[in-house]
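> Show me how the following folds:
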Amino acid sequence: MSESTNSETSEYEREPVPEKARLGFKSFIGQYAGEHTAGTELMIGPLFVAGGVGMGDLIWGLLLGNLLAVLSWTLMTAPIATRVRLTLYYQLEKICGVRLVTFYNILNGVMFCFLAGSMITVSATALGVWFNFPMPGLTDVYPNSFAWVVATLGMGICVAFIAATGYKFVSSFANIAAPWMVLVFIAFGVIGLRDFINETGTTVNGIGDVITLAKTTIWSGGEPLAGQAKMTFWHVLFFAWFANMAMHVGMSDLSVFRFAKKSWYGIASGTGMYLGHFLAWIAASILYALQLHRDPSNTDVLPGPMTAQACGAVGLICVVIAGWTTANPTIYRAGLAFQSIVPKASRFKVTFATGILAAVAGTFPGIAMQLLGFVALYGLLLMPMGAIIFCDFWLLPKLGLRSNFAEFKQLKVNWAAAVAWILTLAICVGLVLNGSIDIFFVSLPGWFLAAALYIVISKVLQNKAASQA
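Numbering: from 1, shown residues only. Take a look at the predicted model:
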């Protein structure tokens, strides 16, 4: 009997998800709404304002970029997940070999911990308001008070326990919290806009007056704040599309959608993209623009104080829960990555330890304060493996080549995958470092480069193996 079939490890880490464990559409609506209408939206929205984005660039960039993200989940990730029904990590082991996947899983798990840590950072800012202790500023990298460290670690322990209980509990937690959080985020935007109108003395006779206020005061398209990159339409579009590149194009959400009864459930990601990465980002940017309007010297991006000014205690509670609903599935994914390295270890213990690591990362505010750049880098690191999985599943059989070549030949390393991944990263990172292309834009051509390299090298290696046989 597989170890993952016992009651303590029922997440099917090394076997396909059976029909009895598959979940309905509602589970994914709640999970994506809860995960992406979340605490990090209160960090990302302000960074658009800090980047001097214009209103038209923001609205159209978010509309189109989020549509591309939903299509990526629906057309790329979910169809493979519902056919194979394996975790990302076990599927990669079959394709790439155990040694290459071990290195990938360590990198993936650590990056997920950093991402979850930024979400715990967000929740801790609410405690900073309640207990009135010093909190980090926009340019801070290290913790600036002992109370901040205690608050972040305490919050992280709670999140770690929830994530360790398994995907069904994570999904249920998100389903309960998501509808309320969406309403509170909408309230943030409405109240912030109302305060803008009142404090600027704007006379509103119609929607045109509100649009004029937004263009001239909230998203004016001016110069970015010190230390921030200028944001244009293309920056917004590619960031909205690739903010979760690791999950859809990078295929990490194979581990999530393997529980889906149907592949079209991928459209459930739209609840997260348009309630979270559209409405929530806009609402958060309004709150930050209002903060700058009131005090141009106050450039701190702290969700707790911003939301407390808008909605008081309700806003603070929302920040805490929003951080949890995002960190929970992120730690769950990270736990699966580490679990695949030590498959005989307790999944609960591995995931809980992963959550503690994320909590430690959350004490360092530098990740959350530079979240736009971090998620772009994270997506870039994992993107080539997504291209490899896509090509291995769909294209290699059509080209007369064998899928899951490492499993077939009992290889520790499939060098077609290793070279495609490393060479793609080397080229993409090199282009970014020498200023040839912005990090927001390099991943799209990088995906096609990784796909081409993997197909060509696979053909060479498999033909060589066939001739030797």
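> Which helix or strand contains the residue lying closest to Ala284 once chain neighbours are set aside?
Residue nearest to Ala284 in three dimensions, not counting chain neighbours: Gly45, with 2.7 Å by C-beta to C-beta, 6 or more residues apart in numbering. (C-beta placed from N, C-alpha, C; glycine too.) With elements taken from DSSP states H and E, the one containing Gly45 is helix 41-50.
> which other helices and strands contact the next helix or strand after that helix?
Next in sequence after helix 41-50, counting helices and strands by DSSP H and E, comes helix 55-72. Judged by 3 or more C-beta pairs under 8 Å, 6 or more residues apart in numbering; DSSP states H and E, the packing partners of helix 55-72 are helix 233-242, helix 269-271, helix 281-294.
> can we see that at 7 Å?
Contact here means 3 or more C-beta pairs under 7 Å, 6 or more residues apart in numbering; DSSP states H and E; on that basis helix 55-72 packs against helix 233-242, helix 269-271.
> wait, what's in contact with the closest residue to Ala418 other than its chain neighbours?
Nearest non-adjacent residue to Ala418, counting by C-beta to C-beta, 6+ apart: Leu100, 5.3 Å away. Going by C-beta atoms under 7 Å, 6 or more residues apart in numbering, Leu100 touches Val413, Asn414, Ala417, Ala418.
> Those in helices, which ones?
Counted as lying in helices by DSSP state H, out of the contacts of Leu100, are Ala417, Ala418.
> Next, give me the two most distant ones among the contacts of Leu100.
Using C-beta to C-beta, the pair of the contacts of Leu100 lying farthest apart is Val413 and Ala417, separated by 8.0 Å.
> Of these two, give the one with the bigger neighbour count.
Neighbour count, other C-beta atoms under 10 Å: between Val413 and Ala417, Ala417 has more, with 30 against 15.
> Report the contact partners of the more buried one.
By C-beta under 7 Å, 6+ apart, Ala417 lies in contact with Ile95, Cys96, Leu100, Ile388, Tyr454.
> Assign a three-state SS to the fourth one, would you?
Reduced to three states with DSSP: H, G, I helix; E, B strand; the rest coil, the structure at Ile388 is helix.
> In helices, which of the contacts of Ala417 fall?
If you go by DSSP H, these have Ile95, Cys96, Leu100, Ile388, Tyr454 in helices.
> could these be laid out in JSON lines, adding pLDDT and distance to Ala50?
Formatted as JSON lines, the ones in helices among the contacts of Ala417 follow (pLDDT from 0 to 100; distance: C-beta to C-beta, whole Å):
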{"residue": "Ile95", "pLDDT": "97", "distance to Ala50": "40"}
{"residue": "Cys96", "pLDDT": "97", "distance to Ala50": "39"}
{"residue": "Leu100", "pLDDT": "95", "distance to Ala50": "39"}
{"residue": "Ile388", "pLDDT": "98", "distance to Ala50": "36"}
{"residue": "Tyr454", "pLDDT": "98", "distance to Ala50": "38"}
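> Include distance to Pro18 when you put the residues you listed into JSON lines, please.
Listed next are these as JSON lines, based on distance: C-beta to C-beta, whole Å:
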{"residue": "Ile95", "distance to Pro18": "23"}
{"residue": "Cys96", "distance to Pro18": "25"}
{"residue": "Leu100", "distance to Pro18": "28"}
{"residue": "Ile388", "distance to Pro18": "27"}
{"residue": "Tyr454", "distance to Pro18": "31"}
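> what's the most distant pair in these?
Greatest spatial distance in these: Leu100 and Tyr454, 12.5 Å, computed using C-beta to C-beta.
> Tell me what angle the helix or strand that contains Trp324 forms with helix 281-294.
Element membership for Trp324 (DSSP H and E) is helix 303-341. With axes from the mean of the first three to the mean of the last three C-alpha atoms, to 10 degrees applied, the angle from helix 303-341 to helix 281-294 works out at 140 degrees.
> after the strand or helix carrying Thr102, next one along is what?
Using DSSP H and E, Thr102 sits in helix 98-131. Downstream of helix 98-131, the first helix or strand assigned by DSSP H and E is helix 146-164.
> What's the mean pLDDT across the helix or strand just after that following helix?
Counting by DSSP H and E, the next helix or strand C-terminal to helix 146-164 is helix 167-200. For helix 167-200, the mean pLDDT works out to 84.
> so how far is helix 167-200 from its chain's centroid?
When distances are taken as C-alpha atoms, centre = their mean, to the nearest Å, helix 167-200 is centred 19 Å away from the chain's centroid.
> That helix - contacts with which helices or strands?
Packing partners of helix 167-200 (3+ C-beta pairs under 7 Å, 6+ apart): helix 25-36, helix 146-164, helix 207-213, helix 281-294, helix 303-341.
> Check the helices and strands packed on helix 55-72 for me and report the most buried one.
Most buried of these by mean neighbour count (mean count of other C-beta atoms under 10 Å) is helix 269-271; its value is a mean of 25.
> Run through who's touching that one.
Residues contacting helix 269-271 (C-beta under 7 Å, 6+ apart): Ile29, Tyr32, Ala33, Ala69, Val70, Trp73.
> Let me know the pLDDT of the closest residue to the fifth one other than its chain neighbours.
Distance criterion C-beta to C-beta, 6+ apart; nearest residue to Val70, sequence neighbours excluded, is Gly270 at 4.7 Å. At Gly270, the model reports a pLDDT of 97.
> how near is Gly270 to Trp264?
Note on Gly270: its distance to Trp264, by C-beta to C-beta, to the nearest Å, is 12 Å.
> Ok, Phe25 next?
According to C-beta to C-beta, Phe25 and Trp264 sit 9 Å apart.
> Pretty sure Cys96 sits against Asn404.
No. Counting by C-beta atoms under 7 Å, Asn404 is not a contact partner of Cys96; they are 9.6 Å apart.
> Of these two, give the one with the bigger neighbour count.
Neighbour tally, Cys96 and Asn404, criterion other C-beta under 10 Å: the higher count belongs to Cys96, 31 against 17.
> got the contact list for Ala240?
For Ala240, the contacting residues are Gly61, Leu62, Gly65, Asn66, Ala69, His277, by C-beta under 7 Å, 6+ apart.
> quick one on the thing from earlier: quick one: name whatever helix or strand follows the helix holding Trp324.
Next helix or strand after helix 303-341 toward the C-terminus (DSSP H and E): helix 347-362.
> Flag the shaky bits of the stretch 1-150 of the chain, pLDDT-wise.
In the predicted model of the stretch 1-150 of the chain, residues 1-10 satisfy pLDDT under 70.
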